[in-house]
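> need the 3D shape of this:
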Amino acid sequence: MKSFGSLPLEHLDRMTDSTGLIQHGIYSLPRRESGYTTDDNARALRLCARLWNTQPNDRILSRVACYLSFIEHARCPVRGFHNFLSYQRDWLDATGTGDCQGQAVLALAEVVGSNLPEGFRALASELLENALPTLESLRSLRAQAYVIQAWAHLRRSDVPGIEPLEGIAKLAAERLVECFHRSQRPGWPWFESRMTYANAVLPHALFDAAQRWPEEEYLSVAETSFSFLDFATTSNLVFHPIGNRDWYSHGEEKSLYDQQPVEASTMASAALAAMTVLEDERYQAVFHRARDWFHGQNSLKTPLADIHSGGCFDGLHPTGPNRNQGAESTLAFLWTELHVDGVASINHTREVSNSTNR
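The predicted model follows:
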């Protein structure tokens, strides 16, 4: 499994202006009328903050500044962060969605846990602290999963003073387990009565929580639910995500299309989280399948990613790809590629450990 020497960010830059990252694309160009979202700018911030740790240069820092400035501007006087900003720079929502709060906090945690300049980290820390009351009242399961992932990243980065966020993360993990038991049915070990979008973030969060609280049942629920998701999204050893046309409800047939890049990206991320907790080659195989989906190992045998520009088609329809290259899709591809070195690092560490123990 090879990674790029450096991630191709040409399309990301093309989709970004002085305000931030534009939400949708029209083919390989930005669709300005779609405006901006905090969701997408948070994803871009997270990616570039992570890249800064290995590629600290002025261009990366400029990208981080743009996306972090957008998040700061998205601060909502009522609660949390706004999400939808028009191209004319008017906020279109009174308060942001739950998932938007989770994505923003996940990106801010990435900045706080990085070695970016002190001013960048100070702003991110302030924004994160101000968001805590909003995080306590989140009801979206995925938003709560993002909060757990954010706290786990800060913990792995040895950031001090994260106890308030840890308390919120612990409650969120308990809610995920509670929802799992409440929704579980014979042949349906899942958190909800149907699978929808970004499904893998739910077991991913519990893999993270299990590292801190091994005495709880987080690991058991994470393994069980992730195995079920893997079974539901694998066909002939090819990743086949739940389509967003009708999703996948308990007792019904799963929707085969339209397949979204975010499903492959979150699946790859969850597999990597599982690999950090458990030595099981199954998770590496899941990672490969999810990543290969972008490169043509999918139900239509069609590559979705442009490995030269870094752009990514918006999904798979029954008749072929959606050839628009939007922000979410592009970042899903880039974030997945960023994980390739992480998988290699885990493998190397385990090889060294096994060699030492012989």
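> where does the stretch 51-200 of the chain dip in pLDDT?
Within the stretch 51-200 of the chain, no stretch has pLDDT under 70.
> let's go with 90 and repeat that
77-79, 94-98 (pLDDT under 90).
> all helices for it, in order.
58-73, 98-112, 118-136, 141-156, 163-183 (DSSP state H, counting those that start in this stretch).
> pick the most buried one from those helices.
Mean neighbour count (mean count of other Cβ atoms under 10 Å) peaks for helix 98-112 among those, with a mean of 27. To be clear about C-beta, it is placed using only N, CA and C from the backbone, and glycine gets the same treatment.
> that older thread, so which of the helices of the stretch 51-200 of the chain is nearest R89?
For R89, the closest of the helices of the stretch 51-200 of the chain is helix 58-73, at 8.9 Å, according to Cβ to Cβ.
> same for the closest one, what does it pack against?
Helix 58-73 sits against helix 38-54, helix 98-112, helix 118-136, with contacts defined as 3 or more Cβ pairs under 8 Å, 6 or more residues apart in numbering; DSSP states H and E.
> so which of the helices of the stretch 51-200 of the chain gets nearest G243?
The nearest among those, by Cβ to Cβ, is helix 141-156 at 17.8 Å.
> and the closest one, what does it pack against?
Using 3+ Cβ pairs under 8 Å, 6+ apart: helix 141-156 touches helix 98-112, helix 163-183, helix 201-212.
> show me the contact partners of the second one.
Around helix 163-183, the neighbours that count as contacts under Cβ atoms under 8 Å, 6 or more residues apart in numbering are 128-129, 132, 135-136, 138, 141, 144-145, 147-148, 150-152, 154-155, 189-193, 202, 205-206, 209, 212-213, 216-218, 221, 225.
> please repeat the previous calculation with a cut-off of 7 Å.
When contacts are defined by Cβ atoms under 7 Å, 6 or more residues apart in numbering, helix 163-183 is touched by residues 132, 135-136, 141, 144-145, 147-148, 151, 154, 190-193, 202, 205-206, 209, 217-218, 221, 225.
> output stretch 245-255 as PDB, restricted to C-alpha atoms.
The C-alpha coordinates for stretch 245-255 follow below in PDB (Å, rounded to 0.1, in the frame of the first residue of the first chain):
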ATOM      1  CA  ARG A 245     -31.100   7.100  -1.700                       C
ATOM      2  CA  ASP A 246     -33.100   5.100   0.900                       C
ATOM      3  CA  TRP A 247     -30.500   4.100   3.500                       C
ATOM      4  CA  TYR A 248     -30.800   0.700   5.200                       C
ATOM      5  CA  SER A 249     -33.600   0.200   7.700                       C
ATOM      6  CA  HIS A 250     -33.900  -2.900   9.900                       C
ATOM      7  CA  GLY A 251     -35.900  -5.600   8.100                       C
ATOM      8  CA  GLU A 252     -35.600  -4.000   4.700                       C
ATOM      9  CA  GLU A 253     -33.100  -4.200   1.800                       C
ATOM     10  CA  LYS A 254     -30.200  -1.800   2.000                       C
ATOM     11  CA  SER A 255     -30.000   1.000  -0.600                       C
END
